[in-house]
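1. Just a sequence and a predicted model for now, questions to come.
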Amino acid sequence: MIKLYHNPRCAKSRQGLALLENSKHEFETILYLKNPLDKKELERIIALLGISPLALIRKNEAIWKENYKGKTLSDTDIIAAMTAHPKLIERPIVSNGDKAVIGRPTERILEII
């Protein structure tokens with residue numbers, strides 16, 4: 001099942017939602033700001049994306065700049081930051097089975113659906 005990790009306030013995330021709705025594929029929308037992802041789920045998504053935890057961080061967010069930027073952080077620390085502050089997670093993320101992409105640009109979603 002296709003999963004969209006979605007933030008309705010984000011234009012790119014809304015574009016990803018529209019692409020999936022127009023694709024006619026069934027998918028599940030996960031509002032990760034309302035229902036934060038736990039450590040295990042974040043680790044699974046990061047593994048599917050094939051990136052480091054730091055690559056999933058929105059580095060321009062005030063939370064990152066004020067609390068984490070410039071510090072030496074382990075992958076565990078970075079995942080803990082995303083768990084505590086889901087707003088730090090890059091979006092949208094779309095997973096489909098054993099594949100996932102960050103939908104920037106939106107067309108990247110087409111690679112896995």
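-> Right, received. Where do you want to start? Here the structure is a predicted model, which is why all the values come from computation and not from measurement.

2. and residue 29, backbone torsions?
-> Main-chain torsions, residue 29, degrees, to the nearest 10: phi -100, psi 130.

3. tally of neighbours for it?
-> When neighbours are defined as other C-beta atoms under 10 Å, residue 29 has 17 of them. From N, CA and C alone the C-beta is placed, and that goes for glycine too.

4. Quickly list what it is bridged to.
-> residue 4 (DSSP bridges).

5. And the contacts of the host helix or strand of residue 15?
-> Using DSSP states H and E, residue 15 falls within helix 11-23. The contact list for helix 11-23, computed with C-beta atoms under 8 Å, 6 or more residues apart in numbering, reads 2, 4, 6-8, 27, 29, 91-92, 94, 103-104, 106-107, 109-110, 113.

6. The same query, at a cut-off of 10 Å, please.
-> Helix 11-23 is contacted by residues 2-8, 10, 25-29, 32, 90-94, 101-110, 113 when judged by C-beta atoms under 10 Å, 6 or more residues apart in numbering.

7. Just the mean pLDDT for that helix, thanks.
-> On average, the pLDDT along helix 11-23 is 96.
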